[in-house]
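[1] Turn this into a model:
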Amino acid sequence: MNSSDRWVHYRRGPSIFVRQVAFYLVFILLIVGVAGQLFFATARSHLESEVGGKLESVARIAARDAPLVQLDLIRVGADRSRMVLRLKQDLEKIREATGLLNLYVFRPDLTSLLDLDSTVTIGSRCVLPQLGNDALERLRRLPSIHTLGYVTPAGAIQMSAYAAVMDSTGALAAIVGVDAGSAELEILERMRARLYWIAAGCAGLAFVAALLFARSITRPIRHIADVAERLGAGDYTARADVHTRDEVEVLASAVNRMAEEVRQRDAALKEMAASVAHEIRNPLNSIKLLLALLADDIAAGREASRVETLQTLEYEISKLTRFTEEFLTWSRPASVLRKPLDPLALIGSVVDLAAGEARQRGVLLAVEPGAALPPIAGDRHRLEQALLNLVINAIQASPDGGQVLVSATASAPGQVGIVVQDSGPGVAAEHRARLFEPFFTTRADGTGLGLANAGKIAAEHGGTIRLDRGTGGARFILELPVADSAPA
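    Sure, this is the predicted structure:
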């Protein structure tokens with residue numbers, strides 16, 4: 001399965017790359033759209049207000065030039081009468097002076113009285129869709145009003161204003177209307193159209209920018225994922241090569257640290273497997289050979305040789321059993337049942353257990369008397385095992401006729417130290433750092449688990465084991481907290 005296949009297999013939704021591109025694209029479009037809409041809405045409102053105010057002024061001036069007395073005299077069919085032509089001349093002057101498109105007068109029922117558009121006759125109905133009933137009601141209360149910009153059937157943008165002509169009772173008698181083209185609004189609308197093209201261009205640029213930016217983020221993430229896949233497949237040399245100087249580089253560094261830890265753990269497991277195989281194979285080979293010798297002894301009737309062979313066979317079996325027990329102690333988690341223990345009583349029981357080994361090797365095993373000490377809190381069986389490993393190691397390191405001395409003292413406030421001193425050659429400087437590593441041993445018959453188990457048990461009780469850098473033999477100190485200060 002290649003990299004792309006893995007991504008397809010594990011993906012459960014849009015990838016980070018797709019989501020980032022979509023987010024940036026939508027974000028930029030929203031910014032351009034909202035900002036553009038606000039700008040054009042504000043600009044159009046301002047222009048409509050300014051142009052509308054000017055048109056209202058023109059409409060009010062025209063209303064003064066079309067007195068109600070004369071308007072009341074206008075009748076249907078009088079389009080060519082002298083009074084109507086004179087009134088149109090006055091309105092034409094206003095239109096020429098202001099650049100209006102049209103200027104007209106009509107009644108509140110929208111019947112025409114005067115119109116500079118020659119196609120509109122007196123009495124015809126004015127078509128004014130921009131002037132609704134609400135606008136007529138406003139004209140009954142206000143001297144003038146103006147419309148917003150609107151689009152004519154011909155497609156032009158116009159604005160209109162209307163001024164009220166009141167009778168003597170204050171009732172609305174006639175309305176003067178002015179129409180004007182709005183070049184400013186047309187420019188604004190053209191700019192709005194251009195904005196859409198600009199937004200489209202920005203969207204394209206945003207897409208390219210988002211594409212590049214998103215890829216700069218997702219590419220190292222995919223690279224890290226590929227490294228994780230290789231690690232999962234057993235390639236512990238895989239490393240993430242990311243130099244982004246951000247959180248992604250932090251993630252890559254964490255993956256690399258994890259990979260190194262996994263590699264070291266894998267190497268340790270392989271070494272452990274090799275050590276276990278070696279420690280089991282050697283006794284088994286010896287047992288196989290001894291069984292063959294035992295068969296020969298039985299067939300030949302050699303009683304003395306048979307007894308010696310059986311003793312050797314028992315030794316090899318006991319060595320294999322001890323290694324199995326030590327390996328299980330090191331590998332499996334153990335529950336610690338803490339109870340108050342007398343450190344001197346603990347030393348006494350361990351010395352009794354190791355006395356046979358000391359006699360067999362010709363080593364004097366002694367306990368140095370000391371003052372009474374506060375009790376320690378711990379699991380008696382496991383602490384005996386840890387201390388026994390230290391004592392057995394000391395006995396095996398001492399020469400024939402040597403001595404192992406065990407003592408206890410208050411090593412520090414809240415701590416009791418149990419000291420195991422041997423008379424052997426001591427520990428070489430190059431071996432000190434690896435003393436508590438599993439399967440590390442300098443003896444041909446050692447398992448390499450004695451000190452590792454002792455250190456593990458001490459740590460379970462909140463204590464430590466350290467090698468004192470003294471002269472003459474090795475001096476190990478097992479430090480454990482007293483009962484009142486022991487960790488729960």
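[2] Helices of the stretch 101-250 of the chain, residue ranges please.
    Remark: helices assigned in the stretch 101-250 of the chain by DSSP state H, counting those that start in this stretch are 133-139, 183-232, 247-300.
[3] Find the centremost residue of the chain, please.
    The chain has Glu247 as the residue nearest its centroid, 8.8 Å off, counting by CA atoms, centre = their mean.
[4] To Gly99, which of the helices of the stretch 101-250 of the chain lies closest?
    helix 183-232 (10.0 Å; CB to CB). Backbone N, C-alpha and C define where each C-beta goes, glycine included.
[5] Any idea which of the helices of the stretch 101-250 of the chain gets closest to Ile61?
    Taking those one by one with CB to CB, helix 133-139 is closest: 16.5 Å.
[6] what does the closest one rub up against?
    Contact with helix 133-139 is made by 108, 145, 147, 162, 164, 172, 175, as judged by CB atoms under 8 Å, 6 or more residues apart in numbering.
[7] In PyMOL, how would I select the buried members of those residues?
    Buried members of those, defined by 16 or more other CB atoms under 10 Å, are picked up in PyMOL with:
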select buried, resi 145+147+162+164+172+175
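[8] Take the contacts of helix 133-139 and lay them out in a markdown table including distance to Gly204 and pLDDT.
    Below are the contacts of helix 133-139 laid out as a markdown table (distance: CB to CB, whole Å; pLDDT from 0 to 100):
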| residue | distance to Gly204 | pLDDT |
| --- | --- | --- |
| Pro108 | 55 | 92 |
| Ile145 | 45 | 94 |
| Thr147 | 39 | 89 |
| Tyr162 | 47 | 95 |
| Ala164 | 53 | 93 |
| Leu172 | 56 | 90 |
| Ile175 | 51 | 93 |
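[9] Quick one: mark the members of the contacts of helix 133-139 that sit in strands.
    Counting by DSSP state E, the contacts of helix 133-139 place 145, 162, 164, 172, 175 in strands.
[10] For Thr237, give its distance to Val227.
    10 Å (CB to CB, to the nearest Å).
[11] Could you check which of the two is surrounded by more residues?
    More neighbours surround Val227 than the other of Thr237 and Val227, with 21 against 8 (other CB atoms under 10 Å).
[12] pLDDT score for that one?
    Per-residue confidence at Val227 stands at 86 (pLDDT).
[13] Can you name the residues that contact it?
    If you count contacts by CB under 8 Å, 6+ apart, Val227 has them with 238-240, 255, 259.
[14] Among these, name the buried ones.
    Buried members of these, counted by 16+ other CB under 10 Å: 238, 240, 255, 259.
[15] Burial check on the residue nearest to the second one when sequence neighbours are not counted, number of neighbours?
    Beyond its immediate neighbours in the sequence, the residue positioned closest to Ala240 (CB to CB, 6 or more residues apart in numbering) is Ala252, lying 3.9 Å away. Using other CB under 10 Å as the criterion, Ala252 is surrounded by 21 other residues.
[16] Local confidence estimate at Ala252?
    At Ala252, the pLDDT value in this model is 84.
[17] do you know how far it is from Arg215?
    Ala252 is 17 Å from Arg215, by CB to CB.
[18] for the record, mean pLDDT for stretch 117-129?
    Taken as a whole, stretch 117-129 has a mean pLDDT of 89.
[19] on that earlier part again, and the two most separated of the contacts of Val227?
    Taking CB to CB as the measure, those span a maximum distance of 9.1 Å, between Ala238 and Val255.
[20] pretty sure Pro108 contacts Leu172?
    Yes. In this structure Pro108 lies within contact range of Leu172 using CB atoms under 8 Å: 5.3 Å.
[21] Of all pairs in the ones in strands among the contacts of helix 133-139, which one is the farthest apart?
    Pairwise distances across the ones in strands among the contacts of helix 133-139 peak at 12.1 Å for Ile145 and Leu172 (criterion: CB to CB).
[22] The residue nearest to Arg475 when sequence neighbours are not counted: neighbouring residues, count only.
    Spatial nearest neighbour of Arg475, chain neighbours left out: Asp468 (4.0 Å); criterion: CB to CB, 6+ apart. Asp468 is flanked by 11 other residues according to other CB under 10 Å.
[23] for Asp468, what are its contacts?
    If you count contacts by CB under 8 Å, 6+ apart, Asp468 has them with 419, 475-477.
[24] Tell me which entries of those residues lie within strands.
    419, 475-477.
[25] Would you mind confirming that Gly177 makes contact with Tyr104?
    Yes. Using CB under 8 Å, Gly177 is in contact with Tyr104, at 5.2 Å.
[26] Please identify every residue contacting each of these two.
    Common contacts of Gly177 and Tyr104 (CB under 8 Å, 6+ apart): Cys126.
[27] need the contact list for Leu91.
    Counted by CB under 8 Å, 6+ apart, Leu91 has contacts 62, 65-66, 103, 105, 114, 116.
[28] Show me the helices in the stretch 301-450 of the chain, by range?
    In the stretch 301-450 of the chain, the helices defined using DSSP H, counting those that start in this stretch lie at 303-331, 343-361, 380-397, 450-460.
[29] Could you provide those helices in CSV, with additional columns for mean pLDDT, mean neighbour count and distance to Gly424?
    Formatted as CSV, the helices of the stretch 301-450 of the chain follow (pLDDT from 0 to 100; neighbours: other CB atoms under 10 Å; distance: least, CB to CB, whole Å):
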stretch, mean pLDDT, mean neighbour count, distance to Gly424
helix 303-331, 72, 15, 21
helix 343-361, 87, 16, 11
helix 380-397, 86, 22, 4
helix 450-460, 81, 22, 14
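[30] For Gly36, which of these is the nearest?
    With respect to Gly36, and counting by CB to CB, the nearest of those is helix 450-460 at 68.6 Å.
[31] Let me see the contact set for the nearest residue to Leu55 once chain neighbours are set aside.
    Distances taken as CB to CB, 6+ apart place Ala161 nearest to Leu55, at 3.4 Å, with adjacent residues excluded. When contacts are counted by CB under 8 Å, 6+ apart, Ala161 touches 52, 55-56, 58-59, 144-147, 177-178, 180.
[32] can you do 6 Å?
    By CB atoms under 6 Å, 6 or more residues apart in numbering, the contact set of Ala161 is 55-56, 59, 146, 178.
[33] May I ask which of the residues you listed has the most neighbours?
    When neighbours are counted by other CB under 10 Å, Val178 leads the contacts of Ala161 with 31 neighbours.
[34] That one pairs with what?
    Assessed by DSSP bridges, Val178 has beta-bridge partners Leu103, Ala161.
[35] With Gly378 instead?
    Beta-bridge pairing for Gly378 (DSSP bridges): Lys339.
[36] mind checking how far it is from Thr464?
    Distance, Gly378 to Thr464, by CB to CB: 14 Å.
[37] And Gly181, by the same measure?
    Noted for Gly181: a distance of 96 Å to Thr464, by CB to CB.
[38] Same question for Ala174.
    Taken as CB to CB, the span from Ala174 to Thr464 is 110 Å.
[39] Of the two, which one has the most company?
    The neighbour comparison of Ala174 against Thr464 (other CB under 10 Å) goes to Ala174, with 21 against 14.
[40] pretty sure the more buried one contacts Gln70?
    No. Ala174 is beyond contact range of Gln70, at 10.5 Å (criterion: CB atoms under 6 Å).
[41] Mutual contacts of the two, please.
    Here Ala174 and Gln70 share no contacting residue, scored by CB under 6 Å, 6+ apart.
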